[in-house]
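Participant: 3D model of this:
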Amino acid sequence: MGKKQWIICKQEEGLVEKLSRQLKIRPLVAKILLNRGIDTVKKGAQFLSRDLADTLDPYLMLGMAEAVRRLKKALAEKERIVIYGDYDADGQTATALLVSVLRKLAKAPDLISYYLPDRLEEGYGLHKEAVKHLAKRASLLITVDCGISAVEEVLYAQSLGLDTIITDHHEPDQKLPEACAILNPKQPGCGYPHKNLAGVGVAFKLAQALGLPQAELLPYLDIVALGTVADLVPLRDENRIWVHHGLAQMAVTEHIGLKMLLEVSKVEKPTAGDLGFRLGPRLNAAGRLGDSARGVELLLTKDPAAAKRYALELDKENSLRQELEEKVLEEAIALVEKNELQKEAAIVVWAEGWHPGVCGIVASRLVDRYYRPTVVISLKMGEGPGSARSIPGFHLFQGLTACQGRGRRTPA
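Facilitator: Down below sits the predicted model:
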């Protein structure tokens, strides 16, 4: 492992003095703001104020008008709507958010349901078998935290009479699905300036666009904050605003499941660190080792007994996840050191029997240790899913795309 090099940014002293004086902050804080690209008094004031009034018009996002039009039609005509989520904490919170908001708006709340794929059996994203099943019980499918690459699956849904709205935040492929609407600030032609929203953030923009007043949206910000921090997106712009207000909301949360999650996590006054290192991992454990729907049910339930049961289950599975993670990490480090992979431009390690649910965490740990783009693959009979993490300056999606054809695609 090489030694880390500290690179100290040089700042224009006049700008440091200007920000310090006009924002009434210490020069050291002004330098930190400049290091983060906050180089005007206006940007600094917004960063420090974290005012909900500074959130953007959701209709600035490409596809929002089409998404709202189709969704309002479905609500007015009492169509069955299914939310298709992801199994990680971002996907679970995004699913719970949209289900809650749509049930609040719907004339018949029971017509709003959700589906999360099984991480081990199905893997990430939309799947044709799931679409076939869901087409029998709904006429509109809304993805959260997934779907931007599901070209074939969306066409298949259309052939079954199932309309699709995509909400996602991942990097899009060159070809986009032919959905009724796509909400993704990273898609070509989208002028929405905040590109680093989490999946739950994109879902919240849709909730805003549906017309609920801010006072009725405020109670959901604790869920938005949890998913945003857990997905490790930069806490800038709207992400920062939502997390600030979401933490305040969490202290008086209306969600009994969150109260129980805070209790089993031994958190009294939640901070962003608590969301990232205590609450988020427990939600993630549900999807990594078992049924991620338990995380959604925890956030949706009104029953204290059920909330306590789900919270205790997730707490137990998080402990098991930690044990599995340490075992796989130890074996992965041994492989890297034995084969001197730390000297290569990237690290790829694999082994039979590694639990797929911890490969992503292990990849992150290896990146922290060796500062190399890293892929960790769990094999079963010679093939299996993998997870990858990168470093600043290396576009992981483009790098993996360039390797297409050299392996079979089995995303997890």
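Participant: so for the helix or strand encompassing S319, what's the average pLDDT?
Facilitator: Secondary structure assigned from DSSP states H and E places S319 in helix 304-339. For helix 304-339, mean pLDDT is 94.
Participant: buried ones in the helix or strand that it is followed by?
Facilitator: Next helix or strand after helix 304-339 toward the C-terminus (DSSP H and E): strand 347-352. Across strand 347-352, burial judged by 16 or more other Cβ atoms under 10 Å covers I347, V348, V349, W350. No exception for glycine: its C-beta is placed from N, CA and C like everyone else's.
Participant: now stretch 26-38
Facilitator: Quick answer for stretch 26-38 (16+ other Cβ under 10 Å): A30, K31, L33, L34, I38.
Participant: The fourth one: what's it in contact with?
Facilitator: The reference is to L34. C9, Q11, L15, V16, L19 (Cβ atoms under 8 Å, 6 or more residues apart in numbering).
Participant: Surely the fourth one and I32 touch.
Facilitator: No: taking contact to mean Cβ atoms under 8 Å, the distance of 10.3 Å between V16 and I32 leaves them out of contact.
Participant: contacting residues for P177?
Facilitator: Neighbours of P177 in contact, by Cβ under 8 Å, 6+ apart: G147, I148, S149, A150, V151, E153, V154, L155, T164, I166.
Participant: Could you pull up phi and psi at the nearest residue to the third one once chain neighbours are set aside?
Facilitator: Put plainly, it is S149. Using Cβ to Cβ, 6 or more residues apart in numbering and skipping the chain neighbours, the partner closest in space to S149 is D173 (5.1 Å). For D173, the backbone dihedrals are phi -80, psi 180 (criterion: degrees, to the nearest 10).
Participant: and the gap between the residue most central in space within the chain and V362?
Facilitator: The centre of the chain sits closest to D90, judged by Cα atoms, centre = their mean, with a distance of 3.3 Å. D90 is 19 Å from V362, where distance means Cβ to Cβ, to the nearest Å.
Participant: Quick check on Y84: phi, psi?
Facilitator: Backbone torsions for Y84, taken as degrees, to the nearest 10, come to phi -110, psi 110.
Participant: Look up how far H133 lies from it.
Facilitator: For Y84, the distance to H133 equals 11 Å [Cβ to Cβ].
Participant: do L400 as well
Facilitator: Per Cβ to Cβ, L400 is found 30 Å from H133.
Participant: higher neighbour count, these two?
Facilitator: Neighbour count, other Cβ atoms under 10 Å: between L400 and H133, L400 has more, with 16 against 13.
Participant: Please identify which helix or strand holds the more buried one.
Facilitator: Per DSSP H and E: helix 396-402 holds L400.
Participant: buried residues in that helix?
Facilitator: Going by 16+ other Cβ under 10 Å, helix 396-402 has these buried residues: L396, L400.
Participant: Any chance you could list what contacts it?
Facilitator: The contact list for helix 396-402, computed with Cβ under 8 Å, 6+ apart, reads E171, A346, P373, A388, R389, S390.
Participant: cutoff 6 Å now
Facilitator: Under the criterion Cβ atoms under 6 Å, 6 or more residues apart in numbering, residues E171, A388, S390 lie in contact with helix 396-402.
Participant: now swap in stretch 69-77 and tell me
Facilitator: Applying Cβ under 6 Å, 6+ apart, the contact partners of stretch 69-77 are I81, L105, A106, L140, C180.
Participant: Tell me which of those residues fall in strands.
Facilitator: I81, L140 (DSSP state E).
Participant: Let's have the contacts of stretch 69-77 in a markdown table, adding distance to V99.
Facilitator: Output for the contacts of stretch 69-77, formatted as a markdown table (distance: Cβ to Cβ, whole Å):
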| residue | distance to V99 |
| --- | --- |
| I81 | 9 |
| L105 | 11 |
| A106 | 10 |
| L140 | 13 |
| C180 | 19 |
